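Visitor: I'd like to go over a predicted model; first the sequence, then the structure.
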Amino acid sequence: MSSVGDDAETDTEATTRAGVVGASGFTGGELCRLLTAHPEFDLVQATSREYENKTVGSVHPNLRGVDLRFSDPTDLESVDTLFTATPHGVSMEHVDEFFEAADTVVDLSADFRLDTEEQYDEWYDGHVAPEYLEKAEYALPELNRENLTGAELIASGGCNATATMLGLKPLVDGGLIDSNDRVVVDVKVGSSEGGAGGGAASSHAERSGVVRPYAPTGHRHEAEIEQFLGLSTAFTVHAVDMVRGASATGHVFPGERVTKGDLWSAYRDAYEDEPFVRLVAGGGGVYRYPEPKAVAGTNYAEVGFELDPANGRIVVFSAIDNMMKGSAGQAVHAANVALGFEETAGLEFGGLHPVGAP
């Protein structure tokens with residue numbers, strides 16, 4: 001473990017040693033990108049069984065200048081913080097080993113997002129380490145900042161849940177909707193959500209040009225929305241011809257009518273001090289509402305709304321980069337909070353314009 005030196009004369013702050021398990025995947029690569037440029041972290045290990053001994057840059061071409069080779073995940077180094085970007089089910093099986101190697105574990109899978117073993121029985125395939133669930137803290141700072149300081153086990157949220165909850169949260173916090181109100185959510189997601197081994201459905205020939213519903217009902221991320229917002233949603237996800245990004249549109253039917261002023265107050269109160277949320281609600285120009293393209297490669301979320309005067313329906317829009325705000329960026333943001341670093345450290349990139357399809 002790294003520690004601060006005893007010499008009071010030194011001007012050099014100690015860095016925090018970090019490792020990434022599952023570093024050859026898409027989100028693992030994003031973690032490596034963020035951590036190598038982070039002022040507080042020193043990335044010392046990146047694991048991959050498939051690419052052991054190959055350079056990180058041979059898999060992630062944007063990291064060709066990084067002097068680091070993949071190592072076997074069974075040979076973990078001692079680090080301060082371990083980020084785990086593994087498929088669902090892996091982290092819960094190896095969490096004891098992860099804590100033998102690190103003081104803080106930040107998991108990007110679904111293994112510790114929910115509160116109880118019963119929820120995992122209902123939404124997943126059970127849980128083999130339920131004793132860790134009460135120790136885990138949800139990574140999304142906009143929902144759980146006050147509980148992240150000093151957290152040792154951090155669970156990054158699902159990308160579709162993240163986009164949805166950031167859009168709906170101000171309505172809940174502002175008392176404009178409650179659990180009795182009808183909420184319908186439709187999410188469009190890019191192919192990177194399927195991961196580097198996404199299979200035939202994620203191949204370019206099959207994905208190109210599609211708007212394909214792949215989770216019409218019963219999406220697992222509904223559990224997070226209900227857990228943190230107390231809302232039951234009619235939730236559907238579509239795969240679209242996009243690489244990066246998740247765009248959520250929510251149709252909310254409040255029990256009592258609200259005004260446009262009510263909405264502005266609620267969203268400003270929720271997000272005026274949040275460093276990674278941009279309020280985009282029907283202004284001028286081409287990008288009048290939240291767009292995944294506008295936040296590609298960043299840890300920003302764009303959130304907006306519109307009010308239907310005919311029936312009082314509230315239409316909520318939110319857009320994120322699924323691999324950043326929906327995964328790796330959220331994980332680093334949460335780690336910054338947990339470890340007492342500047343919240344925005346390593347996450348300042350604001351995006352590019354114009355860019356190609358995200």
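Guide: Received it, and whenever you're ready, just let me know what you need.
Visitor: Any chance you could list what contacts stretch 59-75?
Guide: Contacts with stretch 59-75, where a contact means CB atoms under 8 Å, 6 or more residues apart in numbering, come from 21-24, 29, 32-33, 36, 43-49, 51-57, 77. C-betas here are computed from N, CA, C, even on glycine.
Visitor: let me fix that: stretch 273-284
Guide: Contacts of stretch 273-284 (CB under 8 Å, 6+ apart): 142, 166, 263-264, 267-268, 271, 287-291, 294-295, 299-306, 317, 325, 329, 333, 343-344, 347.
Visitor: Of those residues, which count as buried by neighbour count?
Guide: Among the contacts of stretch 273-284, those buried by neighbour count (16 or more other CB atoms under 10 Å) are 142, 166, 263, 267, 271, 289-291, 294-295, 299-306, 317, 325, 329, 333, 347.
Visitor: Which of those fall in helices?
Guide: In this view, these that belong to helices under DSSP state H are E142, L166, L263, Y267, Y271, G329, H333.
Visitor: Would you enumerate the residues in contact with the second one?
Guide: Translated: L166. Residues near L166 by CB under 8 Å, 6+ apart: L140, E142, V277, A301, V303, S318, I320.
Visitor: Same question for the fourth one.
Guide: Listed by CB under 8 Å, 6+ apart, the contact set of Y267 reads P170, L279, A281, V303, F305.
Visitor: for the third one, same thing?
Guide: For L263, the contacting residues are L176, A281, F305, L307, I314, taking CB under 8 Å, 6+ apart as the criterion.
Visitor: For S208, which residues are in contact?
Guide: Contacts for S208 (CB under 8 Å, 6+ apart) come out as D241.
Visitor: For M242, see how far away it is.
Guide: 11 Å (CB to CB, to the nearest Å).
Visitor: and if you look at A215?
Guide: Distance from A215 to M242, by CB to CB: 16 Å.
Visitor: Of these two, which one has the most company?
Guide: M242 (21 against 17; other CB atoms under 10 Å).
Visitor: Nearest residue to the more buried one in space, please, no chain neighbours.
Guide: Leaving aside its chain neighbours, M242 sits nearest to G190 (3.9 Å; criterion: CB to CB, 6 or more residues apart in numbering).
Visitor: Could you do L176 as well?
Guide: Per CB to CB, 6+ apart, closest to L176 is V258, 5.2 Å.
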